[in-house]
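Next one to model:
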Amino acid sequence: MSWFSILRHEAAGLLELLLPECCPVCAHPAALHPEGLCCTCLKQIALLPASHCPRCSLPYSGFVATGHLCGRCSRQPPAFSEVITIGLYQGTLQTAIQRLKNHPRPTLDRALGGMLADNIRQHAFTTHPNLVVPVPLHPKRLRQRGFNQSGLLAREIARRCRLPLAGSLLTRIKPTPAQQGLSASKRLQNLRGALTANRRLDGEHVLLVDDVLTTGATADACAKTLIKAGAGLVTVAVLARAQRYLNPV
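Just a heads-up that it's a prediction; the model follows:
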């Protein structure tokens, strides 16, 4: 993120402090919950169901918690170990993420990043993460957009979880077409050779931050790059898990 983008982001935050309090998702004047959203929006977030893949958090159609991997993770396990998320990519959470991508507001990235940080702090890790890394944008795309929503979230998570932030550890060295609507195999093909790590790691447990996980292709490519660079473990933290692929096989 450029210094101009950072200053613009902070200036927007100062302006919001001077204006009447509004929910950053629905934009209605309302008393905000400590999480930073109004109570109505918070109640409408669809949480991840108990029945989901323990590796990629793919939601299953059942209601009972299960330790069974989905078909894709059974056949070709991803490089990351697990996925932590706020909920499903639908309704209020989907609207919030789309607003974050298209019209970033300090109160919104701080609210969403804070909610995800709360889930991370409450998660039962075998070994606690010790480094936060955002999924990168290609420099050309970053110049066009002026910000990386994953970087904004990672910064908030690192601050709240008191973890070091390695914002430029991963670099996207090859521009890739938009991933929306593509199959997992096409997404993987797009990402082949597109990422690099800028320094060696020494067995760190990396917390990889992004906004949405759909097929898991981007997270898998990033995790593979981090492990090749020396990471010992990669956990993915996303705002939402898409339920596009509901079939567990």
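
Residue 197 against residue 223, yeah?
No. Contact between residue 197 and residue 223 fails when scored by C-beta atoms under 8 Å: they sit 11.1 Å apart. Yep, even glycine has a C-beta here, placed from its N, CA and C like the rest.

okay, which residue is most central for the protein?
Against the mean C-alpha coordinate of the chain, by C-alpha atoms, centre = their mean, the closest residue is residue 210 at 2.3 Å.

Can you name the element that comes right after the helix or strand of the chain with the lowest mean pLDDT?
The weakest-scoring helix or strand in the chain, judged by mean pLDDT, DSSP states H and E, is helix 3-18 (a mean of 52). Going down the chain from helix 3-18, the next helix or strand is helix 39-43, by DSSP states H and E.

Extract the C-alpha set from that next one and format it as PDB.
Extracted in PDB, the C-alpha atoms of helix 39-43 (Å, rounded to 0.1, in the frame of the first residue of the first chain):
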ATOM      1  CA  CYS A  39     -26.800  -5.400  16.000                       C
ATOM      2  CA  THR A  40     -29.100  -6.000  13.000                       C
ATOM      3  CA  CYS A  41     -26.100  -6.700  10.700                       C
ATOM      4  CA  LEU A  42     -24.300  -8.900  13.300                       C
ATOM      5  CA  LYS A  43     -27.400 -11.000  13.700                       C
END
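
quick one, strands of this structure?
For the chain, the strands defined by DSSP state E cover 82-88, 131-134, 170-172, 195-197, 205-213, 233-241.

what angle separates the first one from strand 205-213?
Following axes from the mean of the first three to the mean of the last three C-alpha atoms, to 10 degrees, one obtains 30 degrees for the angle between strand 82-88 and strand 205-213.

Throw the strands of the chain into CSV and include distance to residue 62, thanks.
Output for the strands of the chain, formatted as CSV (distance: least, C-beta to C-beta, whole Å):
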stretch, distance to residue 62
strand 82-88, 15
strand 131-134, 33
strand 170-172, 35
strand 195-197, 35
strand 205-213, 20
strand 233-241, 16
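
export those strands to JSON lines and tack on mean pLDDT?
Compiled in JSON lines, these are given as follows (pLDDT from 0 to 100):
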{"stretch": "strand 82-88", "mean pLDDT": "97"}
{"stretch": "strand 131-134", "mean pLDDT": "98"}
{"stretch": "strand 170-172", "mean pLDDT": "93"}
{"stretch": "strand 195-197", "mean pLDDT": "93"}
{"stretch": "strand 205-213", "mean pLDDT": "97"}
{"stretch": "strand 233-241", "mean pLDDT": "98"}
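
between these, which gets nearest to residue 27?
strand 233-241 (18.8 Å; C-beta to C-beta).

I'd like the distance from residue 204 to residue 126, if you could.
Here residue 204 is placed at a distance of 15 Å from residue 126 (C-beta to C-beta, to the nearest Å).

neighbour-wise, which of the two wins?
residue 204 (20 against 8; other C-beta atoms under 10 Å).

quick one: contacts for that one?
Taking C-beta atoms under 8 Å, 6 or more residues apart in numbering, we find residue 204 in contact with 130, 131, 230, 231, 232.

quick one: contacts for residue 118?
By C-beta under 8 Å, 6+ apart, the neighbours of residue 118 are 35, 160.

Actually, residue 163.
129, 130, 131, 132, 157, 207.

Go ahead and confirm the last one touches residue 131.
Yes. Judged on C-beta under 8 Å, residue 207 makes contact with residue 131 at a distance of 6.8 Å.

more neighbours, these two?
For residue 207 versus residue 131, neighbours defined as other C-beta under 10 Å are more numerous around residue 207 (26 against 19).
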